[in-house]
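>>> Predicted model follows, preceded by the sequence.
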Amino acid sequence: MTTIRLTMAQALLKFLNNQYVEFDGQEYKCFKGVMGIFGHGNVTGLGQALEQYKNEILFIQGKNEQGMANAAMAFAKQKNRLEMFACTSSIGPGALNMVTAAGTATVNRIPLLLLPGDTFASRQPDPVLQQIEYPLDYTVTANDAFKPVSKFWDRIVRPEQLMSSVMQAMRVLTDPADTGAVTLSLPQDVQCEAYDYPVDFFSKRVHRIDRKPASPASIERAAAIISTKKRPVLLCGGGVHYSLATEEVVRFAEQFGIPVVETQAGKSAISWEHPLAFGGVGVTGTLGANRLAAEADLLLCVGTRLADFSTASKSAFHPEATVVHINVSPMDAFKLEGAAIVADAQAGLQALSQELAQRDYHASYEAEMLSALKSQWDAEVDRLYNIDMEQGLSQTRVLGEINGFVGPKDVIVCAAGSLPGDLHRVWRTTQPKTYHMEYGFSCMGYEVAGAFGVKLAEPDGEVYAMVGDGSYLMLHSELVTSVQEGRKITILLFDNHGFQCIHNLQRGQGGGSFGNEFRGRSSESSQLNGDYLKIDFAAHARSLGAASYSVRNVEELREALANAKAETGTTLIDIKVLPGTNTDGYESWWHVGVAEVSESESVQAAYENMKRKKETAKVW
């Protein structure tokens, strides 16, 4: 057996650089490169190996460990989980900064390889800087925090363990049903230890992602159920995109006359202009989609994990409605007591289409009713897009101007605050993969880093990060990385003076205005109820190397959008919007805990309202 002597870190990078994915006969290089921030725990191990292989492996210097991992995740999401970046950090705080990103990746079913440094496996110099000493179990380190948010976790304490561990890592990273964060904890001494690795270990490996076919029995069972229904609705999730099934969705809907609604991850599966497209469903859904869902006798859920926003906390659907799933994940395919087709979304839709065609099935909707429902919502969006207010800019007016300006293939990125609700309802897309929303974790701070990751995946198009001031302040570090890498993104910062989404929720459930707005502390009451803080985000962006513009009216917004598009580098537009001018309602409900006992009459009323709403939600 021919061997080559390498450090564990060198062997890891050499292995990763020779991994490929094949899907539908097309081959992709699995790892685009490595994002990292060096510190003790990885600079002399993985850092040395990355320097040694600098002409073979792209290295991107992150500015915050969570930020760079968010960027890596966004890249993989935009690439339909077929290409990715690995992320490396030091031990202690550097590693723990990536835990949130790990949770985000696992919840969203996005492959993310994390390589945090760890304490010494030999324990000889213990306790080292940033080491956590847990007296009941000395094997526990900070990296054990990754266990509950990872789909695969390992600590490599001998260099030869790498060989079996990375194969398990690749299994998870390339599994459409079981992917998420993969964490390989790398003790800083073991990274530097050498071993005689078999040369064959570094041969090119192609991981073939086969489309999981639907079993004939499950198709027959589902078709038998659907054929008895008159008012089905097709609900599209993110799996529709990852399966490249958007065209199949349109064909299926047209063939059987079934209206289409979308989750946040599924949005852009069908053009808003299509007569069967009714937009987002659930808490952040459109009026048309929510009415169709409430009256549907069957829900065909394709590639969705049915989170509470999509189901309006299980109140969105008729209590007697039947659920049929097409999902590659068995866990998701059995939710809501649904009839399960455990299969790839595209393959499942094709097989079901053939069976329903043989049964000569067609939904019983009246075309005039669907047309009227769609026209009613289109008129509502037009109204929202043209709201003028004397006090300043409304959020929906700003979105209307932006939606009218961006190109059909430009990508918007968002994650948290009130913007996801508005975008799910009113944003009009015509092309798939132009709506990039992280709403599984709704991770504040994802937006700027996510836009950078999308730009790495889509280098030729315009990428817009839509972010509130609260989310921007939480994490904007990869703005600097985008400048450093020469990857232009445009950040559209909606400054509404605080965490206004939660402010709305607080007041909507009977609470007062407490602790959510960015105000100074009042000398009269000692509370945060003074004047709004005056923050010049445009000046801040300029100080980081970006171009920037400030906007307070429609004319300035139009000019800034045009100027930003002409810029060659990263640009931020600081848009001052009025708090509370977002959308809400449209016959939906979200179940949040309300205080059962309170001195406030408004909170008491909110609690009673919650009790009534809970009674209408089906218990699955």
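That came through, no problem.

>>> C-alpha from now on. contacts and neighbour counts both.
Will do.

>>> Am I right that residue 425 is in a helix?
Yes - when DSSP: H, G, I helix; E, B strand; the rest coil is applied, residue 425 is found to be in a helix.

>>> what residues are up against it?
Contact criterion C-alpha atoms under 8 Å, 6 or more residues apart in numbering gives 279, 280, 284, 285, 286 as the residues in contact with residue 425.

>>> The second one touches residue 265, doesn't it?
No - using C-alpha atoms under 8 Å as the test, residue 280 is too far from residue 265 to be in contact (10.0 Å).

>>> So for the two, which residue has more residues nearby?
residue 280 (31 against 25; other C-alpha atoms under 10 Å).

>>> How about that one: what's its closest non-neighbour residue?
Residue nearest to residue 280 in three dimensions, not counting chain neighbours: residue 262, with 4.7 Å by C-alpha to C-alpha, 6 or more residues apart in numbering.

>>> thought that neighbour was touching residue 281?
Yes - with contacts counted by C-alpha under 8 Å, residue 262 reaches residue 281, the gap being 5.9 Å.

>>> When the two are compared, which one has more neighbours?
Neighbours per residue, other C-alpha under 10 Å: of residue 262 and residue 281, the larger number sits with residue 281, 32 against 28.

>>> Roughly how far does the more buried one sit from residue 236?
10 Å (C-alpha to C-alpha, to the nearest Å).

>>> what is in contact with the two at once?
Residues touching both residue 281 and residue 236 comprise 261, 262, 263, with contact defined as C-alpha under 8 Å, 6+ apart.

>>> between those, which is closest to residue 374?
In terms of C-alpha to C-alpha, no member of the shared contacts of residue 281 and residue 236 lies closer to residue 374 than residue 261, at 11.8 Å.

>>> Report the beta-bridge partners for the closest one.
On DSSP bridges, the residues paired with residue 261 through beta bridges are residue 235.

>>> And for residue 547?
When bridges are assigned using DSSP bridges, the partners listed for residue 547 are residue 571.

>>> residues touching it, list them.
Neighbour list for residue 547: 541, 567, 569, 570, 571, 572 [criterion: C-alpha under 8 Å, 6+ apart].

>>> In those, which residue is surrounded by the most others?
The most neighbours, when the contacts of residue 547 are compared by other C-alpha under 10 Å, belong to residue 571, which has 29 neighbours.

>>> and the gap between the most centrally placed residue in the chain and residue 272?
A centroid search over the chain (C-alpha atoms, centre = their mean) returns residue 438, at 2.1 Å, as the residue closest to the centre. In this structure, residue 438 and residue 272 are 20 Å apart, going by C-alpha to C-alpha.

>>> count of residues packed around residue 125?
Using other C-alpha under 10 Å, residue 125 has 10 other residues around it.

>>> Residue 129: what secondary structure?
When the structure is split into helix, strand and coil by three-state DSSP, residue 129 lands in coil.

>>> in the longest helix seen in the chain, what's buried?
Ranked by residue count, the top helix of the chain under DSSP state H comes out as helix 367-385. Within helix 367-385, the residues that qualify as buried are 370, 373, 374, 377, 378, 381, 384, 385, counting by 16 or more other C-alpha atoms under 10 Å.

>>> any idea of the mean pLDDT in whichever helix or strand residue 540 is part of?
Remark: residue 540 resides in helix 537-543, with elements defined by DSSP states H and E. On average, the pLDDT along helix 537-543 is 98.

>>> Send me it as PDB with only the CA atoms.
What follows is the C-alpha trace of helix 537-543 in PDB, where atoms were taken according to Å, rounded to 0.1, in the frame of the first residue of the first chain:
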ATOM      1  CA  PHE A 537     -25.900  54.000   8.900                       C
ATOM      2  CA  ALA A 538     -24.700  55.500   5.700                       C
ATOM      3  CA  ALA A 539     -21.700  57.000   7.400                       C
ATOM      4  CA  HIS A 540     -21.000  53.800   9.200                       C
ATOM      5  CA  ALA A 541     -21.000  51.900   5.900                       C
ATOM      6  CA  ARG A 542     -18.600  54.400   4.300                       C
ATOM      7  CA  SER A 543     -16.300  53.900   7.300                       C
END
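
>>> circling back to that earlier point, out of the buried residues of helix 367-385, who's nearest residue 64?
Within the buried residues of helix 367-385, proximity to residue 64 (C-alpha to C-alpha) peaks at residue 385, which comes in at 36.0 Å.

>>> and the gap between the closest one and residue 400?
Distance check for residue 385 against residue 400: by C-alpha to C-alpha, it reads 4 Å.

>>> Mark out where each domain of the chain begins and ends.
3-208, 216-373, 388-497+533-576 (automatic domain parsing).

>>> Can you add distance to residue 617 and give the ones you listed back as CSV?
Listed next are these as CSV, based on distance: least, C-alpha to C-alpha, whole Å:
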stretch, distance to residue 617
domain 3-208, 24
domain 216-373, 4
domain 388-497+533-576, 21
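
>>> out of these, which comes closest to residue 586?
In this view, the domains of the chain are compared for proximity to residue 586 by C-alpha to C-alpha, and domain 216-373 is the closest at 5.0 Å.

>>> now that closest one, how far from the centre of its chain.
In terms of C-alpha atoms, centre = their mean, to the nearest Å, the centre of domain 216-373 is set 21 Å apart from its chain centre.

>>> gap between the two ends of that domain?
Using C-alpha to C-alpha, the gap from the first to the last residue of domain 216-373 comes to 36 Å.

>>> Report the mean confidence score over it.
Over the span of domain 216-373, the pLDDT mean works out to 97.

>>> who wins for proximity to residue 514 among the domains of the chain?
The stretch from the domains of the chain with the least distance to residue 514 (C-alpha to C-alpha) is domain 388-497+533-576; that distance is 13.4 Å.

>>> can you list contacts of the helix or strand where residue 95 lies?
Remark: residue 95 resides in helix 93-96, with elements defined by DSSP H and E. By C-alpha under 8 Å, 6+ apart, the residues outside helix 93-96 that reach it are 65, 89, 116, 117, 130, 142, 143, 145.

>>> Any chance you could give me it in PDB, C-alpha atoms only?
What follows is helix 93-96 as a C-alpha-only set of coordinates in PDB (Å, rounded to 0.1, in the frame of the first residue of the first chain):
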ATOM      1  CA  PRO A  93     -15.300  31.900  21.700                       C
ATOM      2  CA  GLY A  94     -14.400  31.500  18.000                       C
ATOM      3  CA  ALA A  95     -15.900  28.000  17.900                       C
ATOM      4  CA  LEU A  96     -19.000  28.900  19.900                       C
END
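
>>> C-terminal to that helix, what's the next element?
Heading towards the C-terminus - elements assigned by DSSP H and E - helix 93-96 is followed by helix 99-108.

>>> Mind giving me the packing neighbours of that following helix?
Helices and strands touching helix 99-108, as assessed by 3 or more C-alpha pairs under 8 Å, 6 or more residues apart in numbering; DSSP states H and E, comprise helix 65-78, strand 112-118, strand 181-187.

>>> what's the closest of these to residue 1?
Between residue 1 and the helices and strands packed on helix 99-108, the tightest spacing by C-alpha to C-alpha is seen for strand 181-187, at 26.9 Å.

>>> can you pull the alpha-carbon coordinates of the closest one into CSV?
Taking only C-alpha atoms (Å, rounded to 0.1, in the frame of the first residue of the first chain), the coordinates of strand 181-187 have been written out as CSV:
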residue,chain,number,x,y,z
ALA,A,181,-24.5,21.1,10.1
VAL,A,182,-21.6,18.6,10.3
THR,A,183,-19.1,19.4,13.0
LEU,A,184,-15.6,17.9,13.2
SER,A,185,-13.9,19.1,16.4
LEU,A,186,-10.1,19.2,15.7
PRO,A,187,-7.8,19.3,18.8
